[in-house]
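>>> need the 3D shape of this:
(chains A, B, C and D)
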Protein chains: 4
Amino acid sequence: MCRFAVYLGEEIKISSLVTEPAYSILHQSFHSHEREEPLNGDGYGIAWYLDDIAEPAILKEVHPAWNSLNLRNIARVARTRTLLAHVRAASPGLPVTQLNCHPFSSGSLSFMHNGHVGGFLQLKQRLVGGLEESTYLDIEGSSDSEHVFALVKEAWAVAVDSDPLDRLEAALRRGIERVEALRAEVAPDKPSLLNLALCDGERVVVSRYVSHDDVAANSLYVHSGRRYTCEGGLCRMLDPNGSSGAVIVASEPLSRDEGWDKVPENHLVCVVPDLRVEIKPI
Amino acid sequence: MCRFAVYLGEEIKISSLVTEPAYSILHQSFHSHEREEPLNGDGYGIAWYLDDIAEPAILKEVHPAWNSLNLRNIARVARTRTLLAHVRAASPGLPVTQLNCHPFSSGSLSFMHNGHVGGFLQLKQRLVGGLEESTYLDIEGSSDSEHVFALVKEAWAVAVDSDPLDRLEAALRRGIERVEALRAEVAPDKPSLLNLALCDGERVVVSRYVSHDDVAANSLYVHSGRRYTCEGGLCRMLDPNGSSGAVIVASEPLSRDEGWDKVPENHLVCVVPDLRVEIKPI
Amino acid sequence: MCRFAVYLGEEIKISSLVTEPAYSILHQSFHSHEREEPLNGDGYGIAWYLDDIAEPAILKEVHPAWNSLNLRNIARVARTRTLLAHVRAASPGLPVTQLNCHPFSSGSLSFMHNGHVGGFLQLKQRLVGGLEESTYLDIEGSSDSEHVFALVKEAWAVAVDSDPLDRLEAALRRGIERVEALRAEVAPDKPSLLNLALCDGERVVVSRYVSHDDVAANSLYVHSGRRYTCEGGLCRMLDPNGSSGAVIVASEPLSRDEGWDKVPENHLVCVVPDLRVEIKPI
Amino acid sequence: MCRFAVYLGEEIKISSLVTEPAYSILHQSFHSHEREEPLNGDGYGIAWYLDDIAEPAILKEVHPAWNSLNLRNIARVARTRTLLAHVRAASPGLPVTQLNCHPFSSGSLSFMHNGHVGGFLQLKQRLVGGLEESTYLDIEGSSDSEHVFALVKEAWAVAVDSDPLDRLEAALRRGIERVEALRAEVAPDKPSLLNLALCDGERVVVSRYVSHDDVAANSLYVHSGRRYTCEGGLCRMLDPNGSSGAVIVASEPLSRDEGWDKVPENHLVCVVPDLRVEIKPI
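Here you go, the predicted structure:
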């Protein structure tokens, strides 16, 4: 289990999302509120996009976010309009390595996962056998998350004619379908929790998904407004739910201000470049 | 704040202390029971002595104990009669680096600290100015703990004629005295918490010290008995408090069995090679 | 490309092989003599066996051997009768991660590789598809070496009735056969260089293999004698080629003394518990 | 010994200096041309300034530059007008830790060093004793370089009324004077090599200094022109020595094009915001 947050909007300092908020991603790395096991100390990662450059910059380290000099020394000055941040609590048995840290990226795409694929070890070899060779060879780590990203990338590659947001949405839906079809076959009783974020630098689609009715999906919130601001340690969204200049989609609210809306289970959050938010059933 | 444990006795696998017990040092790295902030994820270290070799082997890493492949792959096979283990929660402002991880060592000595020196930054430069040059130059990190070890080493070096256990005891007492004299001068209102373990490979002296009456010392327990054993995940001391074949001194009980005795505040635990335990006031 | 060394014999300090010799594995990490590119700075690893314990202890780190405090602080005191040591120069495109460092291990087996599998990326997915599921799931990294070890382990598992040395030999031969059959099919023109070491704690088999007549195999040497000793920085084999109390098989001679014999190309070095050395064609 | 490079000019991608040039800093981390020992694998660091933000962003890692995913994933997209880059070969005896990696920073200042302070261990305690307490407490590592930076910072703090470039120059001169005065007293025969770079985000002053006539200073080059460009792996300065739109000061030429001028020994290179270069004797 992990925690993540995505930001789209007016340029902010990375620290505004990652280190400054009272319930920042960094804070959640040792005090998550909505998880039973409150610790996310098995590495962290951030991906941020710079204007006019398709690929994101990425910083990932295997030690905890809260003690990273690099995170502190980059987040306090680097600015971006599009940011993904993730703190990791390794699934039991999964090695803690930089290669298993999120976000994953490929060209302009970046991707994060909070949750796990039910019965992943039982379906892993079949999943891998069904991948295009080039997609397979791009996999560097061993996590379920990176393998789901492989499926998502293949779907994104074939959906080339769609509108860019439709393309992201189709890729995420198709990725969930493929991995869930495998899971339903080999491990029908093991639930999948797939809160996934897929971003192309200008748009983002985030899922809140659970495979079983009797299991709660991992939490997911959306927060939008005129502008997101951090002043003197106080972070908040100005004019929440008003004219949209900033959107945050996050595992947990980062701040105590109003306007953090829970995403319903088995729905997608789609955020377009003009920052309108659409919630759709999966 | 941190957690530590010292073992002397019949040869055990390192894992018996570090990973197997229900409340092992590794477990305490994310679920400490007797601290307000339950997380010790800023590195770990172990020092273990091998027969007929004066210097300890040492493994320290900056990432959390719970996800260290090296710790797991060494602890499950390496055996020792004398082991020190430490998980670290960095004091605010102190960098997380391998050089600030415990145990520290010098020749045959090894040393750990749980707590902090009150007003350390106010007295650091004076402390450093009063050290022998060679002791000063041995300091590689920046922690209060390593600087206290420098004072302890100087006292140990001059106490060369004493009985070896007296020498350890004298060195620990003198180290506490010197740092506390400085603290009393520059920061009389800031309490020092000095649970210190000093080992020469065959004997160990551990302090439970707090400078102020109205502040509680960090917890410290001693557990001794015929033999310490871990079988099927169940670790316990056979014949606790009986004939002595094993002694553990630890920040918290590692197991639920009987015989974990609280060390009184401002006392020293002295353990000799025949494993008798003596508790003395500081 | 990498460098490795295996030791079997009377108990030595790990430092005798790893740090003390003039041309130690550590030295080879920045000054290899028999490679065009003299640098092996992409991590290192050692595996050492302790008496009466089947599994090896393992230390691997992603930073260079020459600046590892842990390597220095363990090698100078830990002793063993059976040691494998490896310094890594990552193949182009292969990520540098602890998971790709050698030696690999599984139960009592340990394994190292110097060289590469020709056209590995072209055959990787097929190799993986042909593995037993449990062998596949044990793979944590992405290197060609770990995938060859998977094949070797499967062969070792089925050869359960053989004499232990025959079993190692059969496993190594069969592993080479399987990977080479795949390579010959998909990449007949790309040479494989497979200097492989397979150890069960008491015996070791090491191959010097190249697939193509017009390509030179990586170097491999064997050195045996009455006793291997390091005194005052001078390491040498006493009575080389005489009564056997110690055997070293290494990519390069570790010392300047006589008796380092070149292993012929496409041959195996088999070392039994009584330290007799047998050289056999592959 | 180490290698460094500073860039001021039109916005470039960090990769243009750090990874793309044939003789990039990254390349120099394993193939330095102008040093006897060609290896700089003990960590690396980059500091880059962003428009309108006083403090630099900093990335430092203890493993070699050539295998850093973070360096690759940030350098290929992040852009800057002011960049410092450094690869480190640790001085013998100095621990390899992130805290000893360059560049060092403090507020808007960043600082790098190539060389060493003669007899540093003999003068370290006295140097430390003479520092302001706050400057002393800012020191996190143990390197001679960070201690020289402490002296430079104190001089910069008092030179507050000067013109900003004069202030940098005065601070660098005064830092050299103070450390050299100490060295001359305790270790008159041990040469200091002080190639130092001090930057405030808009201006930079770099020294090429050696204390002894019979010792060669470390190399230093300056390269300026209309624009610095990397296309298809070919990096060069357009209109070298012409109208100034870009300046590089580096331990070694990064490219084979013309216009790399050797800085004379015991001189300073001063680069102002309009990119004029002035060479002055120390």
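>>> going forward, measure contacts between C-alpha atoms and count neighbours the same way
Fine.
>>> ok, now which ones touch the closest residue to chain D within the stretch 101-250 of chain A?
Of all residues in the stretch 101-250 of chain A, the one sitting closest to chain D is residue A:105 (10.0 Å; C-alpha to the nearest C-alpha). Contact partners of residue A:105, counting by C-alpha atoms under 8 Å, 6 or more residues apart in numbering or on different chains, are A:56, A:111.
>>> helix/strand/coil for it?
Put simply, residue A:105 is strand when judged by DSSP: H, G, I helix; E, B strand; the rest coil.
>>> and residue A:79, bridged to which residues?
In this entry, residue A:79 is beta-bridged to residue A:13, by DSSP bridges.
>>> residue contacts, it?
A:11, A:12, A:13, A:14.
>>> next, count neighbours for the third one.
What that stands for is residue A:13. Burial measure for residue A:13: 20 neighbouring residues, criterion other C-alpha atoms under 10 Å in any protein chain shown.
>>> show the pLDDT at it.
According to the per-residue confidence, residue A:13 scores 93 in pLDDT.
>>> contacts only, for it.
Neighbouring residues of residue A:13 by C-alpha under 8 Å, 6+ apart: A:75, A:76, A:77, A:78, A:79, A:80.
>>> give me the distance between the residue of the stretch 101-250 of chain A closest to chain D and residue B:268.
Computed as C-alpha to C-alpha, to the nearest Å, the residue A:105 to residue B:268 distance reads 55 Å.
>>> with residue A:11 instead?
Computed with C-alpha to C-alpha, the distance linking residue A:11 and residue B:268 is 57 Å.
>>> which of these two has more neighbours?
When residue A:11 and residue B:268 are compared on other C-alpha under 10 Å, the one with more neighbours turns out to be residue B:268, at 24 against 19.
>>> need the residues of the stretch 51-200 of chain A near chain D, please.
Within reach of chain D by C-alpha under 8 Å from any C-alpha of the partner chain, the stretch 51-200 of chain A has these residues: A:53, A:55-60, A:70, A:73-78.
>>> list only buried entries from these.
The neighbour-count criterion (16 or more other C-alpha atoms under 10 Å in any protein chain shown) marks A:55-60, A:70, A:73-78 among these as buried.
>>> with secondary structure and distance to residue B:240 as extra columns, can I get the residues you listed in JSON lines?
JSON lines is the format used below for these (DSSP: H, G, I helix; E, B strand; the rest coil; distance: C-alpha to C-alpha, whole Å):
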{"residue": "A:55", "secondary structure": "coil", "distance to residue B:240": "62"}
{"residue": "A:56", "secondary structure": "coil", "distance to residue B:240": "59"}
{"residue": "A:57", "secondary structure": "strand", "distance to residue B:240": "58"}
{"residue": "A:58", "secondary structure": "strand", "distance to residue B:240": "54"}
{"residue": "A:59", "secondary structure": "strand", "distance to residue B:240": "51"}
{"residue": "A:60", "secondary structure": "strand", "distance to residue B:240": "47"}
{"residue": "A:70", "secondary structure": "helix", "distance to residue B:240": "48"}
{"residue": "A:73", "secondary structure": "helix", "distance to residue B:240": "51"}
{"residue": "A:74", "secondary structure": "helix", "distance to residue B:240": "53"}
{"residue": "A:75", "secondary structure": "helix", "distance to residue B:240": "53"}
{"residue": "A:76", "secondary structure": "coil", "distance to residue B:240": "54"}
{"residue": "A:77", "secondary structure": "coil", "distance to residue B:240": "57"}
{"residue": "A:78", "secondary structure": "coil", "distance to residue B:240": "58"}
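>>> and which of these is nearest to chain B?
Ranked by distance to chain B (C-alpha to the nearest C-alpha), those are led by residue A:70 at 11.8 Å.
>>> quickly list what the nearest residue to the closest one once chain neighbours are set aside is bridged to.
Nearest-residue entry for residue A:70: residue D:59, 5.4 Å, with adjacent residues in sequence omitted and distances by C-alpha to C-alpha, 6 or more residues apart in numbering or on different chains. In this structure, residue D:59 has beta-bridge partners residue D:46, where bridges are defined by DSSP bridges.
>>> pLDDT score assigned to the residue of the stretch 101-250 of chain A closest to chain D?
For residue A:105, pLDDT reads 97.
>>> so what sits opposite it in the bridge?
Per DSSP bridges, the residues bridged to residue A:105 are residue A:110.
>>> measure it to residue A:48 for me?
11 Å.
>>> ok, residue A:4 next?
To residue A:48, residue A:4 is 14 Å away according to C-alpha to C-alpha.
>>> so for the two, which sits in the more crowded spot?
Taking neighbours as other C-alpha under 10 Å, residue A:4 and residue A:48 compare with residue A:4 leading, 29 against 25.
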